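Q: Output the structure for:
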Amino acid sequence: MVSQNSKEIGQSMLHKGITLRGIEVFEALARTGSVAQAAHATGLSQPAVSQQMRNLEAAIGAELVDHTRRPMRLTQAGQMFLRRAGLALTELRQAQSEVTVMDLAHLEALNLGVIDDFDDDLTPRLATILGDSLTGCRFRMITAGSNELADALRDKSLHMALFAQIEGKLDAVVEYPLARDPFIIVTPEQTPHAPAALLSGDSDLPFLRYAKDQLIARQIDAHLAAQSHDLPARFEIGSHLALMAMVARGIGWAITTPLGYMRAARFHNKLAAHPLPAPVPSRTISLFAGDEWSGPVPRDIAQTLRQLMQTHMIAPAIAQLPWLADGFHLLEDYNRIGD
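A: As a prediction, this is how the structure comes out:
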């Protein structure tokens, strides 16, 4: 049975001005329980977040958040509103990502590479969105690791590529940063070992490494060396899903990123994710385009990718692991030309 309070909220939504920005702020606050973290997630100042919440609650005529508790918690009215508003936001973000790339019919050819981290979710969505927009265009899409995609961009066999920033610079390339992907620790679900004990080697649970020829392995090893963590190289696994399967089986623990963790959703019931102790390293996921492609096309594709990543990767990850809110997020819309 629908409560009178719920009916009043629904009616107020029909008759009063409720802004999309206000709903986004409310969703971020509900997810993080903190004005500071909501501000970070939405790109607003903390006073602006508080003002958006006051405006939204005034428009609805009900308190959505218990402001006296830390972390903040939703009221009953807030829980009901979140269910409805969350569904609406997901639909709006998906619609925005689908219409962002529309004016590509003039292209004759597009060769695009995508990091294999996105194979399960983002790549199929991106392919269908671009396929609808690239009428009459010869479209080629490949998936590979970051190093392979960077090489293909250098030799001009790809026009654009989505991958993690690599060591060194790419010449004559425009970079469109998309998201910050911090490193995290993944352990078997029931492990009694704290992250600090794992990193110090004071545990009988072995460290499972990525294969040394992978970019992510070199990034992780560089961080461990900088923090003077010397862990035995007993296991070296080239397949990300195989690595996560071994962790889920209880064979060892690993360092990965939220994108990697979410890619292993089939194992989540047997995995536990933990923050990496500070300083927390991260990798940047970017769209790279040859400088002859600078202009609206890569910018539009980059914006579509941001929307897809927020809706289908970042938001679900933070909903499952709220402590990711500070580190796992989209990056500003700017670009940089490689020297």
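
Q: what's the distance between stretch 216-226 and the middle of its chain?
A: In terms of CA atoms, centre = their mean, to the nearest Å, the centre of stretch 216-226 is set 21 Å apart from its chain centre.

Q: Can you give me the buried ones in that stretch?
A: Neighbour-count burial for stretch 216-226, with 16 or more other CB atoms under 10 Å as criterion, is recorded at 216-217, 219-221, 223-224. C-beta here means a position set from N, CA and C on the backbone, and glycine is covered the same way.

Q: Stretch 53-62 too?
A: 53, 55-57, 59-60, 62.

Q: swap in stretch 227-238?
A: Quick answer for stretch 227-238 (16+ other CB under 10 Å): 231, 237.

Q: and if you look at stretch 250-264?
A: Within stretch 250-264, the residues scored as buried using 16+ other CB under 10 Å are 252-264.

Q: got the domain boundaries for this protein?
A: 4-99, 101-180+283-337, 184-275 (automatic domain parsing).

Q: end to end, how far does the shortest one reach?
A: Right, the one you point to is domain 184-275. 5 Å (CA to CA, to the nearest Å).

Q: Equivalent analysis for stretch 61-68, please.
A: Span of stretch 61-68 from end to end, CA to CA: 18 Å.

Q: ok, now stretch 202-219?
A: 23 Å.

Q: any residues touching it, and which ones?
A: Contacts with stretch 202-219, where a contact means CB atoms under 8 Å, 6 or more residues apart in numbering, come from 145-147, 164, 166-167, 183, 187-188, 191, 193, 197-198, 220-221, 231-238, 240, 243, 246-247, 251-257, 260, 281, 283.

Q: Out of those, list just those in helices.
A: Per DSSP state H, helices hold the following members of those: 146-147, 197-198, 220-221, 240, 243, 246-247, 260.

Q: follow-up on the earlier one: need the domains of the chain in JSON lines with mean pLDDT, can you?
A: Shown next, in JSON lines, are the domains of the chain (pLDDT from 0 to 100):
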{"stretch": "domain 4-99", "mean pLDDT": "76"}
{"stretch": "domain 101-180+283-337", "mean pLDDT": "86"}
{"stretch": "domain 184-275", "mean pLDDT": "93"}
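
Q: How much space separates the most centrally placed residue in the chain from A41?
A: The centre of the chain sits closest to I314, judged by CA atoms, centre = their mean, with a distance of 3.3 Å. According to CB to CB, to the nearest Å, I314 and A41 sit 9 Å apart.
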